[in-house]
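> Have a look at this prediction, sequence included:
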Amino acid sequence: MKLTTRGHYSVKALLDLSLQKNYGPASVNDIARRQSLPAPYLEKLLIELRRANLVRSVRGSQGGYQLARSPNQISVGQVLEALGEWIEPFPQNATAETQKAEDWVTIAVWKRLEQHLKTVLYAITLEDLYYDARSWKAAQGAEASFMI
């Protein structure tokens, strides 16, 4: 169970946007450079996130992308949902009907874990990740510059 590349890149880009002064716009190339992401791929992801109203695009020479709302109002779950992705701890094709009776307990446990995972992913915000990154950097003795 892990975050897909699309999900990981999207969260990194949104975290980068959350660090902009007054949440102002940043260009795709600037975000890509700071986060070591491929710019053309990042542009496609940001378009999907714009369609989901997580970011907005700003035209002009000082334009780019910016968060559509504050970092404490954007969750990891919303980002994954915008991309049409999810972290699946349980195989989709496995159901109680297709498994042996003795596997029913395992299926029930995994289904409960999946529901709790969804709840947690919708509870973790960009703001939470920002503070987690700061704490981790401080524990490492590193300066709080942010390549996420």
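It's in. Numbers count the residues shown, from 1 in each chain.
> Name the spans of the protein whose pLDDT lies under the cut-off.
Within the chain, the segments meeting pLDDT under 70 span 1-2, 88-102, 142-148.
> where do the helices sit along it?
Taking DSSP state H to define them, one finds helices in the chain at 5-18, 28-35, 39-51, 76-83, 104-123, 126-140.
> can you put these in TSV and add mean neighbour count?
(C-beta placed from N, C-alpha, C; glycine too.) Formatted as TSV, the helices of the chain follow (neighbours: other CB atoms under 10 Å):
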stretch	mean neighbour count
helix 5-18	21
helix 28-35	17
helix 39-51	16
helix 76-83	20
helix 104-123	13
helix 126-140	14
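> Which one of the ones you listed lies nearest to Ala68?
For those, distance to Ala68 was read as CB to CB. The smallest value, 8.0 Å, belongs to helix 39-51.
> Quick one: list the elements packing against that closest one.
With contacts taken as 3 or more CB pairs under 8 Å, 6 or more residues apart in numbering; DSSP states H and E, helix 39-51 sits against helix 5-18, helix 28-35, strand 55-58, helix 76-83.
> Only alpha carbons, please: show it as CSV.
Extracted in CSV, the C-alpha atoms of helix 39-51 (Å, rounded to 0.1, in the frame of the first residue of the first chain):
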residue,chain,number,x,y,z
ALA,A,39,7.3,20.2,-15.5
PRO,A,40,5.1,18.8,-18.3
TYR,A,41,3.8,16.1,-16.1
LEU,A,42,3.2,18.5,-13.2
GLU,A,43,1.2,20.8,-15.5
LYS,A,44,-1.2,18.0,-16.3
LEU,A,45,-1.6,17.2,-12.6
LEU,A,46,-2.3,20.9,-11.8
ILE,A,47,-4.9,21.0,-14.6
GLU,A,48,-6.7,18.1,-12.9
LEU,A,49,-6.4,19.8,-9.5
ARG,A,50,-7.8,23.0,-11.0
ARG,A,51,-10.8,21.1,-12.3
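> how far off helix 5-18 does it point, in degrees?
When axes from the mean of the first three to the mean of the last three CA atoms, to 10 degrees is applied, the directions of helix 39-51 and helix 5-18 differ by 80 degrees.
> any idea of the angle helix 39-51 forms with helix 76-83?
Our comparison of helix 39-51 with helix 76-83, counting by the same axes, to 10 degrees, yields an angle of 100 degrees.
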